[in-house]
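> output the structure for:
(3 chains)
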Amino acid sequence: MPEDAALLDDRPGWGIASEWRAPAAAAAGAALIVWIAPLVLGAFAANVLTRSMLYATLAVTVDLLWGFTGILTFGQAAFFGVGAYATAMTMTSIGSTPAWMAAALALAIVVPMVLGLVVGWLSFYPGSTPLYASVISLVFPIVVTQLVYSGGLLTGSSSGLVGYDTLPLELEGFFRLSGIVMIAVTLAAWVFVRSDAGKLLVAVRDNDVRCAYLGISTKRIQIILMVALAGVAGFTGFIFAHASGVVAPENTGFLFGTQLVIWVALGGRGSLIGSVCAAVAIDYLSASLSGDLPFLWQLVLGAAFVIIIIFLPDGIAGLARTASLAISGSLRQTRVSRVTVAVPRTAADRRATLLKVSGLARSFGSLSVLENINLEIRPGELVSIVGPNGAGKTTLIRCLSDGSEPFKGVVEIAGQSIRGLTPDSVVALGVGRKFQVASIFESLTVAECLRLARTTSETPSGIGSAPILSLPVASVEILRLTGLIDLTGSPAGLLSHGMKQALELAMVLALEPRLILLDEPTAGLTNTERATIGAVLRHLTEEAGYAIILVEHDLDFVREISSRIVVLHQGRLVLDGAVDDVVNSEMVRTIYSGGGHV
Amino acid sequence: MLLLLDILTTAAILFVVSVGLLAIFGVLKIINFAHGAWLTIGAYCAVVAVKMGLNPWAGLPIAFVVGALLGGIAELLIIRPLYRRPLDAILATWGLGIVIGQLITLEFGRDVQLIPNLMSGTIRVLSVDYSVYRLFVLLAALVIGALFALTIEGTRLGLAARAVIMNETLARSLGIDTDRVRLVIFMIGAGLAALAGVLLTPLTSVDPNMGVAWLIGAFMLVMVADTSYLALAAACIVFGGVQVLVSTFVSPVLGGISIAVLAALVLRINSRGFSRA
Amino acid sequence: MSEGPTASLLSLHEISSGYGAVSIVKSVTLSVQPGEIVAVLGKNGMGKSTLLKTILGLIPLRSGAIQLGGVDQAYLTPARMIAWGLSYVPQEQTLFQDLTIRDNLRLAVRSDGELGAALDHAFSYFPFFKDRLRQKAGTLSGGEQKMLILARALMLRPRLLLIDEISEGLQPSVVNRIVGVLRDERSRDGTAMLVVEQNLDFALRAADRWAVLKMGEIDDEGPCGLEAHERVLEHLSL
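Residues are numbered from 1 along each chain as shown, chains lettered A, B, ... in the order given. Below you'll find the predicted structure:
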């Protein structure tokens, strides 16, 4: 295998710089407008827009959480409110010297982050559901609001805090500060979501199971994101407390949290710019209406919200995106210019037992699915597990890859028990698992999917996208054989079924696992595709020394590629032997023709 | 004694307010965030009934029917397209709640509506004087609970609803029209919410946003109860009890959030809440 | 594709279906005549269950046409198919384990008024359910559960019965009994059946005609007879 494995695009320097040119220019333009605007605007408009821009900053954080990561949250309002109250309470109760001012700033950021950690810990744990996270994000602002109400003089209770000293900026100054903060946060978010690390957010949203089986701890990512954005919201609250000169319980509340979500939905979740525009426009218009109009306006907003949620889940920005796509007709181009071969990790000892299963049993209630399974697998073996439906094959695979399954008995990978380990920790021991139905990241490109599979070996950049993608030989081999190597820029969701299977296999191989678990990798594939995958699997075990466990219904396929066959029947391991012995055994014939008892 | 009565009647109010939400969540697996708006609709049905010169009690059947009919429309137009997107369904029903709140504001104004009490006065229970109406709500909760239980356990509709809860694919493969079951259950749930709105009128001020205050409590109780009405009753008694005790001995403000906090913690420990017990 | 003047009871014309992007059943053409029992054999994962679910309307039809009694079924739902006279014996998701036997049977009839007659028909094959109606379905043994789902399908007196691997995991005596029941029902009511199986012995004893499904397509077909066993076993064994 030559070093420059696959040259896709040799245009030099077609990387980070050009990508940032447009948004940087846009941000500079926006900053210029923000700088000039207060000279033109009236006091009322400037006042309202100062607030609107801070709200828009919050909307960006909601968009990152909900639009990109799939966490529907009402809690950003509370982090914002805590930041604002931390500031106002410091000014009111302690003092407003520059030192205390700095302390207030620190508090306004740190306190929400600590709370964010608590909320994150409550919301994201193994087995938590998205709905539960939303429930917590709903309870949190309610609790904060009630605490503010019961805070007496300290929090000003229902009338809030007012009349404290603020930063010595005039209306103009606050307008500019808010505008710059909004632009900076939006630009930072824009850059981050396009970076390699930013793709993790979308990956967590699309398919958290696949993430876990790529060795990525999704819960940790969610908690880190929540803590970071709680800090941003608190900082926004700090500026708000100074700019408005008043903080009120409504600033912390769940209703405000729902408003943020509505703005993001209308603007377009996952669009950033759309959310910003919607927040500024709607908040400004809402403040400018009077008489009966506010109710009518809320009515129209509510109705628009319902309609958008049902018919245009991507909001106005999504509509614009579709339209521009229809006009220009081009999708995102690949930003990966080369795929190279990564330096392999140290080779494992071929003779040592890689997987040792003894006395494994798993039952669901009174139903026993696996009983007393004993199995040993060494590097270089390709062991197929066959057996009729309901024999327990998929359950066995799950027990080998997820130590949090409540199984009995012992499963050891290279001498280490996996009991209690979550899938991402089992992956770290060198186990890769391919699912029966191709499990990939539908909204990412092929290259992005593959890069995510390398997250544990190469920390992805948070500000840009690396132009070179290095993968292990086996992955590159799969990409070549299937032609995927020419499709690195295509969205994975648009691939054919067979290509998705191949992509997932390449992703699993990119982990450089010592033991690969494959659950029906060829289901629904054409004969040519099966043959291709079969050849790769043989090569992996015989020459590269991987161990593979294959669950497969197609016995012709099994016969061709296996080095050993294990027969499961009604939860028991009834046969374990060389291919010919098993294939010609009377027992297998009985099981397959009559479904009789053994 | 007073404390005990407070706990029982508080639990009863909570049960009445949340049972409609439970019915919908159980069968449709959708959280109806417009539930608060349906409470409001019910209360305004009572307002309209009084304005038309009817007996205040006439509000109960009117609210049930109006709530169920509007619920049917909402199910067809808003819920049905969002079955596979439960988080979006929360948002869409929340938006629907905003729309309903604003429509009511435009028609009736933002002010608090005054309507004659359904019942007034106190009655001596053992050693204390207690509000007759709160005791009546206790009775109403028992009646609603019993009727609900009879419907679920005794009728074909209830059987079909339980079948959909337990295994929707199997129910469908037996020829049960699951779409119809969902529609009917949504209508019943919405009707019950509106009915609860009427029952709330003597206990809370009637204004266009009155429902929101009750929504979160009901929502948390239903989360904890999962799909079981018995678990809901248990949750109402336990959490209602804690709320009364905290309000009485610690602070009313903390009492107000005790349900939400406790429920969140219970769910963190056991995601199926009370339904397993 | 009706042949001759009398239309087939069920006729599938080049039907395809599947999940997501995957086609499991590919261009299957097959017909069942009134009173005929047809067995579809195949190994695991070849699309047998999907075929039945598509006919029932549980899985949307991708392409092709399904006719019942010569009439095209444009909009398939299980409720409509069952109202027409189809009955289905599923392989997975078979019973409501926490409901009583009676409630399980009750869910299959359209109104409680029909329940009495339906139960009588079911008892004529499986009298032992008569005294156990209040028992939870989940407490029945595996074989009894299979008989219950068969009873549930038969009691509607269907014109066409779809059966998904009913013999799986059953003892030979129970399998024999089920063959008897199916044969009896056919001679009583002239019920047609489409039986999906891996168990060759059972399928060939129960059916008149067989077809082998491989990778979602009909690979081979023929009448059930002495030479059928060897020929089908070729397709099913390793």
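
> what about the strands in chain B?
B:122-125, B:128-131 (DSSP state E).

> other residues contacting the last one?
With CB atoms under 8 Å, 6 or more residues apart in numbering or on different chains as the test, strand B:128-131 has contacts from B:1-2, B:5, B:121-124. No exception for glycine: its C-beta is placed from N, CA and C like everyone else's.

> can you give me the offset of it from its chain's centre?
In terms of CA atoms, centre = their mean, to the nearest Å, the centre of strand B:128-131 is found 26 Å from the chain centre.

> partner strands of that strand and their direction?
strand B:122-125 (antiparallel) (DSSP bridges).

> which parts of chain C sit against chain A?
Within chain C, the positions adjacent to chain A are C:18-24, C:43-46, C:91, C:165, C:167-172, C:198-202, C:233, C:236-238 by CB under 8 Å from any CB of the partner chain.

> distance of the nearest residue to B:I41 once chain neighbours are set aside relative to B:G211?
Of all residues not flanking B:I41 in the chain, B:A194 sits nearest, at 5.3 Å (CB to CB, 6 or more residues apart in numbering or on different chains). Separation of B:A194 from B:G211 (CB to CB, to the nearest Å): 10 Å.

> so the two - more neighbours on which side?
Neighbours were counted for B:A194 and for B:G211 using other CB atoms under 10 Å in any protein chain shown; B:A194 has more, 32 against 29.

> remind me which residues of chain B are low pLDDT?
For chain B, the stretches with pLDDT under 70 are B:271-273, B:275-277.

> show me what from it comes close to chain C.
B:156, B:159-160, B:162-163, B:166-167, B:169-177.

> any of these buried? List them.
Buried subset of these (neighbour count, 16 or more other CB atoms under 10 Å in any protein chain shown): B:159-160, B:162-163, B:167, B:170-177.

> sort out which one of the residues you listed lies nearest chain A for me.
Relative to chain A, the closest of those is B:N167; by CB to the nearest CB it sits at 15.3 Å.

> on that earlier part again, which two among the residues of chain B next to chain C are spaced furthest apart?
The most widely separated members of the residues of chain B next to chain C, counting by CB to CB, are B:R156 and B:T169 (19.8 Å).

> quick check: the residue of chain C nearest chain B.
For chain C, CB to the nearest CB, closest residue to chain B: C:I82, 3.4 Å.

> how close does that residue get to B:I165?
From C:I82 across to B:I165, the span is 21 Å (CB to CB).

> and A:A88, how many neighbours?
Neighbours of A:A88 (other CB under 10 Å): 31.

> same check on A:R538?
A:R538: 16 surrounding residues under other CB under 10 Å.

> same thing with B:V242?
Quick note: B:V242 (other CB under 10 Å) scores 17 neighbours.

> which residues sit in contact with it?
Residues in contact with B:V242 (CB under 8 Å, 6+ apart) are B:258-259, B:262.

> tell me the contacts of the spatially closest residue to B:A43 that is not a sequence neighbour?
Excluding its sequence neighbours, the residue lying closest to B:A43 (CB to CB, 6+ apart) is B:G197, at 4.2 Å. Residues in contact with B:G197 (CB under 8 Å, 6+ apart) are B:38-46, B:63, B:67, B:210-211.
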